[in-house]
Each structure stands twice: as structure tokens, then as C-alpha cells.
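Asker: model the structure of this input:
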Amino acid sequence: MTEPAPAYPKEIQDSLKRAVRLEWWTLFWLALIVAMMGFAAGGSQAFRTAWIEDILSLLAPALFLVSRTVEKFRPTKGFPYGFLRADSLAFFFAAAALTAIGLFLLYEGGKTLITGEHPSVGSIMMFGREVWLGWVMMTALALSVIPPVILGRKKRKIAKTLRDKVLFTDADTNAADWQTGVAGMLGILGIALGFWWADALMAVLISLSVLKDGLQGIRISTISLLDGAPRKLGSLDIDEDAQAVIDRLGARYDDVRVQIRETGRYFRVTIEPSGSAHLPVGMAKTLIDNDAWRLIEVAEAVRDEWPDPRDPAKPRG
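Answerer: Numbering: from 1, shown residues only. Alright, predicted model coming up:
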């Protein structure tokens with residue numbers, strides 16, 4: 001594929017436009033939430049951990065928008081397959097950052113539990129009255145979960161239409177944001193009731209949520225980057241469409257090996273004779289004088305008609 005990827009069907013184009021709009025709205029609301037929670041931040045470790053998680057939540061929508069632009073670039077001599085996998089690479093880096101910070105937050109929460117450090121939440125003056133900062137933080141947490149949950153549910157529907165794993169994971173994280181909010185509020189309430197350990201315990205639970213999101217992102221992006229077979233959204237099972245391609249090509253051509261991988265939202269499929277996994281060195285030497293062992297496959301793309309079932313290794317068109 002030396003030309004730009006084929007145009008998406010109208011339904012997919014419309015869904016992509018909606019996804020882009022929702023990601024911009026996600027960035028807007030998350031930025032407001034981060035600012036609001038930064039203003040309300042006090043001595044609660046659970047609250048600070050929830051705040052950091054919201055800051056990290058900015059990564060996925062930002063990288064989706066960047067990769068959506070990059071994937072439109074035309075193929076070049078240096079990148080003959082184009083940039084359709086930009087989202088997987090960007091998502092991998094975001095997931096790696098989430099994992100690293102999740103581990104750090106888990107360490108901080110665990111250390112507080114072990115050392116028995118008691119948190120303290122002070123008061124602030126609001127409208128001429130002294131108000132316990134815990135009420136302010138719990139209000140901020142309650143408000144912070146509303147936009148992500150709504151946006152996450154909307155994005156999840158679009159992600160299923162687009163079969164976009166990055167968008168689906170982002171939507172799943174947003175939709176589950178209420179759990180972080182509840183955990184943060186329970187931690188602050190625990191401080192008010194004299195259970196000092198409740199705050200650190202909730203911080204540990206929130207950090208585990210961050211760590212889970214990071215590890216899940218690494219798993220999903222690694223499968224794509226390592227040319228794994230397409231997977232279902234949120235699962236390690238083979239995608240239904242990919243399995244259908246494998247089954248039907250296997251039925252059309254006897255004794256062949258079907259290889260399928262994802263390039264962005266597209267599939268690429270190779271059919272090779274099962275008895276000959278690689279290009280013979282003798283043939284490779286006609287193209288490479290030295291180090292012919294490096295050339296293991298030469299593929300011819302099918303464009304006009306399907307190869308003859310009697311000889312699938314020689315496609316026509």
C-alpha cells in the first residue's frame with residue numbers, strides 16, 4: 001500500500017468526526033476538573049492520588065487527536081506503509097507512563113500505611129466562614145466524576161463502531177472514573193471519622209486502578225506493535241472479522257497458512273503455502289548479492305481478482 005489508505009465509509013467518517021469532537025470536550029472538561037481539584041487539594045493522600053489520575057487522563061485524548069492527524073500523512077520512502085499505526089505507538093508510551101506513575105503512587109500509599117503516617121485536613125475561609133477542607137475536596141470529587149462518565153459512555157459506542165482499541169480503552173477508563181471519586185471521598189470521610197488508615201488505603205486502591213489502566217494499555221498496544229492477530233475490544237480473543245477472514249481464505253485455498261495483522265483500523269492479510277514458510281535462499285540471492293538470508297518473503301498484492309485456488313502463491317491482477 002504505497003498510496004494513502006482508502007477512504008472510510010461515510011458512517012465511519014462521521015463516527016471519527018464525533019470521536020474527535022468528544023476528545024476535545026474531554027480535554028476541556030478534564031482541564032477544568034484538574035484546575036478545580038488543584039484548588040481544593042488538601043492533606044488527603046487519596047485526594048491527591050485521584051487528582052494525579054485525572055491529570056494522567058489527559059494523555060489518552062491528547063494522543064488520540066495527535067495520532068489522528070499523523071495517520072493521515074502520506075507514505076514516504078522511509079515509511080512505505082504510512083503512519084496508520086501512530087495511535088498504537090502513542091498509546092504504548094501513554095500506557096508506559098501510566099504504569100510507571102501507578103507504581104510510584106502504589107509505593108507512596110503503601111509506605112504511608114506501613115509507617116502509620118497520620119494525615120491532617122485543615123480548614124479554609126469561604127464567604128467569611130471557616131469551612132473544613134474535607135467538604136470542599138469531597139464536593140470537588142463528586143463533581144469531577146460526572147463529565148468523564150458521560151463522555152466515556154458516548155465514546156464507548158463510537159469506539160465499537162470504529163473498532164478503535166485506543167478510543168475504547170480511553171472510554172472505559174472515563175466511564176469507570178466514578179470509582180476513583182467514591183474511593184477518594186471514602187478516604188477523606190475516614191480521616192473525619194478518625195480512621196487515618198482509610199485515606200492511605202483508598203490511595204492504594206486508586207493507584208491500583210491507575211496501574212491496571214497502564215498495564216491494559218501496554219497489553220493492547222504491544223499486540224498491535226508486534227503484529228499480533230487483531231483482537232476484540234477489551235479482550236485477548238481474536239476479532240470476529242479477522243477470524244472470518246482466516247476461515248474463509250482457509251476454505252478457499254487448501255493447505256495454506258493465513259497471516260493477518262492490523263494496520264491502524266485496517267487488516268493486512270498474507271497467504272503462504274504451509275509447506276514453505278520462507279522464501280528459498282536461492283531465490284533471495286537473485287535480489288540480494290550478500291546477506292540473502294535476510295529476505296524471507298516477497299508478496300504480491302491482490303487488486304483485481306482472487307488468486308487461482310490451485311496456486312494461491314501466484315496471485316493475478
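
Asker: contacts and neighbour counts: CA atoms only from here.
Answerer: Fine.

Asker: which residue is nearest the middle of this structure?
Answerer: Val166 (3.5 Å; Cα atoms, centre = their mean).

Asker: and it, what does it touch?
Answerer: Taking Cα atoms under 8 Å, 6 or more residues apart in numbering, we find Val166 in contact with 60, 64, 87-88, 91, 217.

Asker: again with Thr169
Answerer: Applying Cα under 8 Å, 6+ apart, the residues near Thr169 are 217, 234.

Asker: state the helix or strand in which the residue nearest to the centre of the chain lies.
Answerer: Using DSSP states H and E, Val166 sits within helix 165-175.

Asker: repeat that for Trp29.
Answerer: helix 10-40.

Asker: pull out the buried positions in that helix.
Answerer: Judged by neighbour count using 16 or more other Cα atoms under 10 Å, the buried positions of helix 10-40 are 15-16, 19-20, 22-27, 29-31, 33-34, 36-38, 40.

Asker: quick one: it to helix 165-175, angle?
Answerer: If you take axes from the mean of the first three to the mean of the last three Cα atoms, to 10 degrees, helix 10-40 sits at 40 degrees to helix 165-175.

Asker: helix or strand next in line after helix 10-40, which one?
Answerer: Next in sequence after helix 10-40, counting helices and strands by DSSP H and E, comes helix 45-56.

Asker: now the helices for this structure?
Answerer: With helices called from DSSP state H, the chain shows them at 10-40, 45-56, 59-70, 86-115, 133-144, 146-162, 165-175, 177-192, 196-225, 240-252, 281-284.

Asker: residue ranges with poor pLDDT in this structure?
Answerer: 1-5, 42-43, 122-124, 310-317 (pLDDT under 70).

Asker: pop out the phi and psi values for the residue of it positioned farthest from its centre.
Answerer: Going by Cα atoms, centre = their mean, the residue of the chain most distant from its centre is Gly128, 46.0 Å out. Main-chain dihedrals, Gly128, degrees, to the nearest 10: phi 80, psi 10.

Asker: give the contact list for Pro280.
Answerer: Pro280 neighbours (Cα under 8 Å, 6+ apart): Ile296.

Asker: distance of it from Glu297?
Answerer: Distance check for Pro280 against Glu297: by Cα to Cα, to the nearest Å, it reads 9 Å.

Asker: so what sits against both of the two?
Answerer: Common neighbours of Pro280 and Glu297, using Cα under 8 Å, 6+ apart, do not exist here.

Asker: nearest to Gly234, out of the helices of the chain?
Answerer: Set against Gly234 and scored by Cα to Cα, those come closest in helix 165-175, at 7.3 Å.

Asker: just the angle between that closest one and helix 146-162, please?
Answerer: An angle of 150 degrees separates the directions of helix 165-175 and helix 146-162 when computed by the same axes, to 10 degrees.

Asker: got the contact list for the residue nearest to Ala97 when sequence neighbours are not counted?
Answerer: Excluding the flanking residues, the one nearest Ala97 by Cα to Cα, 6 or more residues apart in numbering is Gly214, at 7.4 Å. Shown in contact with Gly214 (Cα under 8 Å, 6+ apart): 94-99, 102.
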